[in-house]
Each structure stands twice: as structure tokens, then as C-alpha cells.
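# For reference, the sequence and a predicted model appear below.
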Amino acid sequence: MQSKQYFENSARRDTILVVDDVELNRVILSEAFREGYRILEAENGRQALDQLLAEPDRICAILLDVVMPVMDGFAFLEEMRARDLLASIPIFLITADSSEANMRRGYDLGAVDIIGKPVLPYFVRRRVESVAELYRAREQLGNRVDQQDRQLAQQAEEIQKLSQSIIESLATAIEFRSGESGEHVRRISALTTWMLTELRGSGYPGCDFTDEQIGQIATAAILHDVGKIAVPDQVLNKPGRLTAEEFELMKTHTVRGCELLEQIPQYHSNPLFRYAYDICRHHHERVDGRGYPDGLQGDELSVWSQVVALADVYDALTNKRVYKPAFTHEKAMEMIRTGQCGQFQPALVDALAHGLEHHTHDPESN
Amino acid sequence: MEIQQICSLLEIDWQACVSRFSGNEGLYRRFLFRFPQDETWEQLARAWEQQDMPGVERGAHTLKGIAANLGLSRLQADSAAVVDAVRAGHTEALPALMEQLTASCRLAREILSQPAD
């Protein structure tokens, strides 16, 4: 559909503009192109400019006399250049003065060819048509490349959206098993984006991410609990307190999540999956080394895994779970700051608070 | 007067001229026989009378172009000589050259004013 439109667009260049103050000269040139072209005539550069600007997309060549009253051929060329029209419309100087200086000036001002007077119609037509055809082909090619660029960008975006939605579906299906709606993964993703943006803004070490990287981490965050698929229903959905044995089983969702991700063929080439691996494995670590499964501490932990860990805790606190009611924002922040859910870097907790402030207190409003 | 006669008197190559009008003989005829009404000659004569050299150059230049397009070779050569002399600053040659141009222009006007077959 678009290509047809482009075809029509370039097919509209059907007009030759003849510019000469002497009627006889215009008649001879017009007669040469009468067959197959629409002809416009102008008596000087000023008239020609008005006609050109009225329909710049229809003119396929301009035949231009040099010596004319009001605005001469050279001045007209300069006006064309100032309007950036020389690249799309070829101009032929038709002149009786074929001195070297004159011809050089014509070429320097952007004429594609200089034809001596008196003109021989057959040759003028051949010369003009071969150049006009070149311009037409170049324009069509340029249009086609633009169009294909747009198509490619659109397809890349569609693929990106599709893979995002596949990741979301997978994560939602897993969350669904533990009685969650898809909202949890979406909230984690939003909270992660906001916190990373805050941290980048405040110049926190290791946070000079691009927007694209933040997007990748936010998508990877969705997968943080993917290992829960390996945890049995009766443990995952147990309303009461877990036994020590059950808790150990529950904790395996971190390592099982990375094992699952490692099975994905694109794992090694896609930066998203590298983030996802780290996040799956370490989103239950704490900065003081008292988390699981590896007991990493401080700088051993990546910023993104700490960010997702905090987002996960905040979201769990402010939403209802089978084992607890929903706490208010204030209560949740207090519990986090006082270390009731494990230790976090204070700067990260501040980023969470600021991020929430900037986006209201309702993460779903984004 | 017959076309053939006109052609020989004014040194016109009829076929070449018709092809300059892309084969449109009627169009060529129309412009050829309109030449006597063209006012370029009057403008040139006035400039010469007033010794207005840029005016002489412009007038002779325009006349040269018209003559070339209409195939009036003699007139074309004579106007070209005037243009060249003015540009080269050879004013001393101009009276003779203008006289020649006047003669060939008058001849062309005269012949082209008569009805042609």
C-alpha cells in the first residue's frame, strides 16, 4: 500500500518548466517536450520561482535561460540552492554565452548541464530525459529505502513487544499458581524502572545505564520468581508458616530459576537473560550477607539484583498474601528501613521512596 | 513568393528549421513570417542612435538569438559581428558592421512581409 503511494508520488513528476524572456525560445523548447510532458513557461526567474514553489513535486526538469530581466538565471539558481531544491530537480542552463567563465559559474551554482543556443530539440530532449530519469530513479530508490527502514524498525518493535509479552505470559502463569494476578510482575517491573532511573539521576555508582538497559533489567525483573514453577503447590500455597524443611524447598526457587534460564538457547547472546539470571539467583540475598542462596554481601551483589529484591519486598508488603494482609506504604517503608525484611542499602531504599513519590503512591498508575 | 525562393534569398535551411520546431512546420512558418513585426530591431537602432553601447550589445544579442532560431543565417552572422565588436571594444568597426546588419535585417523584413505560397 505504501509502495503504491510512493510510486504515485514520483510518477507525479511530469512537468518541464521553461524559463526564457524571449517567446520564440520558449516556444521551441516547449515544442520539443510537448509530447509526453506537461509544460510550464516563465518569462524570468521570479515567475519561475513562483511556479516552482506552487508545485515542487511535479517538476522533473527546469530549462533556464541566463540573461533575463527581473531575476536572471544565476540568481534563480541561488534561490533554488537556498531552498534546498537542487538535489531533487535538475536544472539545465540554456545559454548563448558558452565562455569558460560563464559555464563554470553555471556548474558551480548547481546546474547539471549547460546547453548552447540555438538549441537542437532532439538533443535537448535526449540530454534532459536521461538526467531526469536518473533523478527519478534516485528519488524512487531513496523513497523505497526510507520505507524499508520504517518497516524494519516497525518489525523490530513488534518482535520486541512479542518477546516481552511471552516473558510476561510465562511469569504471569507462574505467579498465577501462587494465587497472584499478573499485576505483581508488572508492578515489580515498574518499581525497578523507577528505582534505576532515580539511581542513575543521583549518580549512584554503577548506575549509568542507558534507557535500553533499564528496559532490559525491568523486563528481566519480571522473571525473578520463574523458579517457583519447580516448587510444589502445597508449599507454594501453604497459608500458615512453613516448616524448616518446606522453607528450604521454597528457597530453591532462586537456583531453579537460573537453571531454567540456562536452558534458553539465546541465553548466552542476550543481555536480558544475563540480567535475568543474576536477578533470579540473587533477589533473596541481603547486603549484610544474611540472604540466600549464596550469602553474598555488599559489593558482591549487583545493583539490579538488589533493586529487584527491594521491589519484591515492597510489593509483597503492600499487597495481600495468603499468609499476611496488605500493609500501607508508610508501614511498609518503616518495616524496610528498620530491617524487618533484611538489610538493604539505604541509598536504594531512598531511591524506592523517591521513585514512588514521583509516580504517586500507586505503582499501577504508570 | 514561393518558399523555395524565400529560402534561397535568405539562406534558410528549411528542413533544419522545421526540425528545430520539433517537426511542427506550421509553428515555424508562424514565427518566421511574424519576424517583420518583431521590435528588437527598432530597439537596437534606437540604442545605436544614442550610442548606448550596452543597449546595442543587448539588442544585437537578442537579434542574433532570434535569427539563429529562425534560421536567418546572414542576419545571425551580422548581429554576432556587432555583439563581438562591442564586447571587444572595437567601436571603430561598428559603423560598418551596423550598416551591414541594417541591410540584412531590412532584406529579411522585406521578403518575409510578402505573402508566401
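Sure thing, it's come through.
# Next, please give the residue ranges for the helices of the stretch 201-350 of chain A.
Counting by DSSP state H, counting those that start in this stretch, one finds helices in the stretch 201-350 of chain A at the ranges A:211-222, A:233-236, A:244-251, A:253-262, A:271-282, A:303-318, A:329-337, A:346-358.
# what mean pLDDT would you report for the second one?
If you average the pLDDT over helix A:233-236, you get 87.
# which parts of that helix are buried?
For helix A:233-236, burial by neighbour count (16 or more other CB atoms under 10 Å in any protein chain shown) applies to A:235-236. All C-beta spots, glycine's among them, are computed from the backbone N, C-alpha and C.
# Just say helix, strand or coil for the residue in the stretch 1-150 of chain A positioned nearest to chain B.
Evaluated by CB to the nearest CB, the stretch 1-150 of chain A has residue A:118 as its residue closest to chain B, separated by 3.8 Å. Applying DSSP: H, G, I helix; E, B strand; the rest coil to residue A:118 yields a three-state assignment of coil.
# tell me which element the residue nearest to it when sequence neighbours are not counted is part of?
Beyond its immediate neighbours in the sequence, the residue positioned closest to residue A:118 (CB to CB, 6 or more residues apart in numbering or on different chains) is residue B:68, lying 3.8 Å away. When elements are defined using DSSP states H and E, residue B:68 is found to belong to helix B:53-70.
# So residue B:14 sits against residue B:2, correct?
No. Taking contact to mean CB atoms under 8 Å, the distance of 11.4 Å between residue B:14 and residue B:2 leaves them out of contact.
# So out of everything in chain B, what residue is nearest chain A?
Residue nearest to chain A within chain B (CB to the nearest CB): residue B:68, separated by 3.8 Å.
# before we move on, back to that, and of the helices of the stretch 201-350 of chain A, who's closest to chain B?
Set against chain B and scored by CB to the nearest CB, the helices of the stretch 201-350 of chain A come closest in helix A:211-222, at 61.4 Å.
# Can I get that closest one in PDB, CA atoms only?
Provided in PDB are the C-alpha atoms of helix A:211-222 (Å, rounded to 0.1, in the frame of the first residue of the first chain):
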ATOM      1  CA  ASP A 211      17.300   3.700  28.700                       C
ATOM      2  CA  GLU A 212      17.600   0.500  26.800                       C
ATOM      3  CA  GLN A 213      19.500  -1.200  29.600                       C
ATOM      4  CA  ILE A 214      16.900  -0.100  32.200                       C
ATOM      5  CA  GLY A 215      14.300  -1.600  29.900                       C
ATOM      6  CA  GLN A 216      16.200  -4.800  29.800                       C
ATOM      7  CA  ILE A 217      16.600  -5.000  33.500                       C
ATOM      8  CA  ALA A 218      12.900  -4.200  34.100                       C
ATOM      9  CA  THR A 219      11.900  -7.000  31.700                       C
ATOM     10  CA  ALA A 220      14.400  -9.400  33.400                       C
ATOM     11  CA  ALA A 221      12.800  -8.400  36.700                       C
ATOM     12  CA  ILE A 222       9.600 -10.000  35.600                       C
END
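# Correct me if wrong: the residue of chain B closest to chain A contacts residue A:120.
No. Using CB under 8 Å, residue B:68 is not in contact with residue A:120; the gap is 11.0 Å.
# Give me the more crowded residue out of the two.
With other CB atoms under 10 Å in any protein chain shown as the criterion, residue B:68 and residue A:120 differ in neighbour count, and residue B:68 comes out ahead with 22 against 15.
# now the angle between helix A:271-282 and the strand or helix carrying residue A:144, please.
Taking DSSP H and E as the criterion, residue A:144 maps to helix A:121-177. Following axes from the mean of the first three to the mean of the last three CA atoms, to 10 degrees, one obtains 10 degrees for the angle between helix A:121-177 and helix A:271-282.
# Residue A:96: what's it in contact with?
Residues near residue A:96 by CB atoms under 8 Å, 6 or more residues apart in numbering or on different chains: A:116-118, B:61, B:64-65, B:68.
# And it, how far from residue A:261?
Relative to residue A:261, residue A:96 is positioned 79 Å away (CB to CB, to the nearest Å).
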